[in-house]
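**Student:** take this sequence and fold it.
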Amino acid sequence: MPSIQSAPGKSRFSPRLIGPIAVAALQAVAASYFVVDGIDDLIEQAGRGFSVEVMMECLVALALLAGVVLGARHLRRIAGDLARADDALARARGALADHIAHRFDTWSLTCGESDVALFALKGCDVAEIARLRGAAPGTVRAQLSQVYAKAGVGSQAMLMSLFLEDLLDTDPAAGPQRGE
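**Tutor:** All right, here's what the predicted structure looks like:
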């Protein structure tokens, strides 16, 4: 049966964070430059008194530095949230794969029927399944007929609905729930 689980040992770093991390690094460099420049200006004017312009530059540099620190903290929190969401998705995928395998075992599907059923659950039509498996469309139709018979359904949509009902954990005879 084709695997639908994510690869184990995947890196915790998300490529989606490259842009925000690069911007934060650029901001940190700019903030460092302005803080050092402000300190240099303060030292230079220490004997003559401080001008309003130098004080404003230092204040702006400190505000920029505070923004970088807060942005980095926020970025770190987002990275943690993203990692937790990725972990939850991987667990859900694994649980769904286990559930599908259990159903296929319960129905006593052959290896070929399991492959065809999984492709059907993914939304593939007969021609696409035949192409992906390197089989004749007639063979795929026959295998799908066996899958539907063993599952007690009459179509691909009904097969999909069995698993959707399991995910929703509702009584299919009760109909849609309103107001929840």
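
**Student:** where along this structure do the strands fall?
**Tutor:** Counting by DSSP state E, the chain has no strands to list.

**Student:** low-scoring stretches of it, by residue?
**Tutor:** For the chain, the stretches with pLDDT under 70 are 1-13, 170-180.

**Student:** helices of that one, residue ranges please.
**Tutor:** Counting by DSSP state H, the chain has helices at residues 18-45, 52-106, 111-121, 126-133, 137-151, 156-168.

**Student:** make CSV out of the ones you listed and add mean neighbour count.
**Tutor:** Bear in mind the C-beta positions are built from the backbone N, C-alpha and C, glycine included. Shown next, in CSV, are the helices of the chain (neighbours: other Cβ atoms under 10 Å):
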stretch, mean neighbour count
helix 18-45, 14
helix 52-106, 13
helix 111-121, 20
helix 126-133, 16
helix 137-151, 17
helix 156-168, 14
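
**Student:** now do the domain split for this structure, please.
**Tutor:** 15-91, 107-170 (automatic domain parsing).

**Student:** for Phe50, grab the count of nearby residues.
**Tutor:** 12 (other Cβ atoms under 10 Å).
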